[in-house]
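>>> build me a model:
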Amino acid sequence: MSDKKKKKAKIGKIIGASAGTFFAILIMAVVGIYFTSGTLRGKLKVWMWKGNGTLRCSGNDVIKISGKTAHVWDIVIYASGHCKVTLNKVDFKGKSGVYVSGNAVLAVKNSTLHGTQNHGISVNSGARATVENTKVFGKSAAIYVGNGAVVTVKGGSLTSLRQGMHLGSDAEVRLENVKVKGRTDGVYVGSSAKVTAVGGVIEGKMRAFYVSSNAKITLWETKTLGKLYKRRGATVSRRKLDKVPKPMASRPLDLPTPK
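All right, here's what the predicted structure looks like:
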């Protein structure tokens, strides 16, 4: 082989090796971005989701869904870790509508969520949620709030065959102009939990409120239909709206705003 041909072959090998290295680096960069970008992962998961099974998010995934209908057999949305879920104008129906746990955060607006077997929304220990102008239906509870979880509901309605809302121990809930209705209890309040209600209606065929020991209920011109049962150490206060009650200050919410 002549020196000229050898030189061309050498140059070709160098170019081929450089191209291979470039594409390897490019693939590694894309893979790295996927695993570190919660927004990108979330968009990909939503794009791949056909609405016929559970959409799961975890880590720091960011899930945003608007204008979608999904009726599934199991849970519609299952969020864990530090996942952030934002729903707007959706219609979800499943065994449970939305389930959030860990440090996950949920924001729902202008939607309908239906849990045929369990809860329309289940906010478990450590998780947080804000629900605005949304109709929530559940078999055991429209919204379940686990121990220590924090939930704010503005407008809309909560309807259940059992409890309109169920709070675990140390949970914290704020209701603003919400219509809550349960066949047994309007709202079941676990021990040391806190409920602040502003306006709205709380109705239960057996009890409007079941208030466990050391729980605290504050009602700002909220109408109650049904009995109010409280255990030892529980407090229930009724107040007039001569001034706007402050938001929950003990554990302020840092929640995304549905758009």
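
>>> ok, now which ones touch the closest residue to residue 72 other than its chain neighbours?
Leaving aside its chain neighbours, residue 72 sits nearest to residue 94 (4.4 Å; criterion: C-beta to C-beta, 6 or more residues apart in numbering). Using the backbone N, CA and C atoms, a C-beta is placed for each residue, glycine as well. Under the criterion of C-beta atoms under 8 Å, 6 or more residues apart in numbering, the neighbours of residue 94 are 54, 70-76, 114-116.

>>> from these, which two are the most distant?
Greatest spatial distance in the contacts of residue 94: 54 and 114, 15.1 Å, computed using C-beta to C-beta.

>>> before we move on, the earlier item: any chance of the contacts of residue 94 in a markdown table, plus distance to residue 41, neighbour count and secondary structure?
Shown next, in a markdown table, are those (distance: C-beta to C-beta, whole Å; neighbours: other C-beta atoms under 10 Å; DSSP: H, G, I helix; E, B strand; the rest coil):
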| residue | distance to residue 41 | neighbour count | secondary structure |
| --- | --- | --- | --- |
| 54 | 16 | 17 | coil |
| 70 | 19 | 20 | strand |
| 71 | 25 | 13 | strand |
| 72 | 21 | 17 | coil |
| 73 | 25 | 13 | coil |
| 74 | 21 | 12 | coil |
| 75 | 19 | 23 | coil |
| 76 | 19 | 29 | coil |
| 114 | 27 | 20 | strand |
| 115 | 26 | 29 | strand |
| 116 | 29 | 15 | coil |
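
>>> I'd like those laid out as JSON lines, including pLDDT and distance to residue 106.
Below are the contacts of residue 94 laid out as JSON lines (pLDDT from 0 to 100; distance: C-beta to C-beta, whole Å):
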{"residue": "54", "pLDDT": "97", "distance to residue 106": "15"}
{"residue": "70", "pLDDT": "97", "distance to residue 106": "16"}
{"residue": "71", "pLDDT": "96", "distance to residue 106": "19"}
{"residue": "72", "pLDDT": "96", "distance to residue 106": "17"}
{"residue": "73", "pLDDT": "94", "distance to residue 106": "21"}
{"residue": "74", "pLDDT": "95", "distance to residue 106": "18"}
{"residue": "75", "pLDDT": "97", "distance to residue 106": "13"}
{"residue": "76", "pLDDT": "98", "distance to residue 106": "12"}
{"residue": "114", "pLDDT": "98", "distance to residue 106": "16"}
{"residue": "115", "pLDDT": "97", "distance to residue 106": "14"}
{"residue": "116", "pLDDT": "96", "distance to residue 106": "19"}
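
>>> longest strand anywhere in this structure?
In the chain, assigned by DSSP state E, the strand with the most residues is strand 201-211.

>>> strands paired with the helix or strand just after that one, and their directions?
As assigned by DSSP states H and E, the chain's next helix or strand after strand 201-211 is strand 216-220. Sheet partners assigned to strand 216-220 using DSSP bridges are listed as strand 194-198 (parallel), strand 235-239 (parallel).

>>> after strand 216-220, next one along is what?
Using DSSP H and E, the helix or strand that follows strand 216-220 in sequence is strand 223-230.

>>> following the lowest-mean-pLDDT helix or strand in the chain, which helix or strand shows up next?
The helix or strand of the chain with the poorest confidence is helix 3-36; it has a mean of 46 (mean pLDDT, DSSP states H and E). Downstream of helix 3-36, the next assigned helix or strand under DSSP H and E is helix 38-48.

>>> quickly find the element holding the residue most central in space within the chain.
Centroid-nearest residue in the chain, with C-alpha atoms, centre = their mean: residue 106, separated by 2.8 Å. Residue 106 belongs to strand 105-109 when assigned by DSSP H and E.
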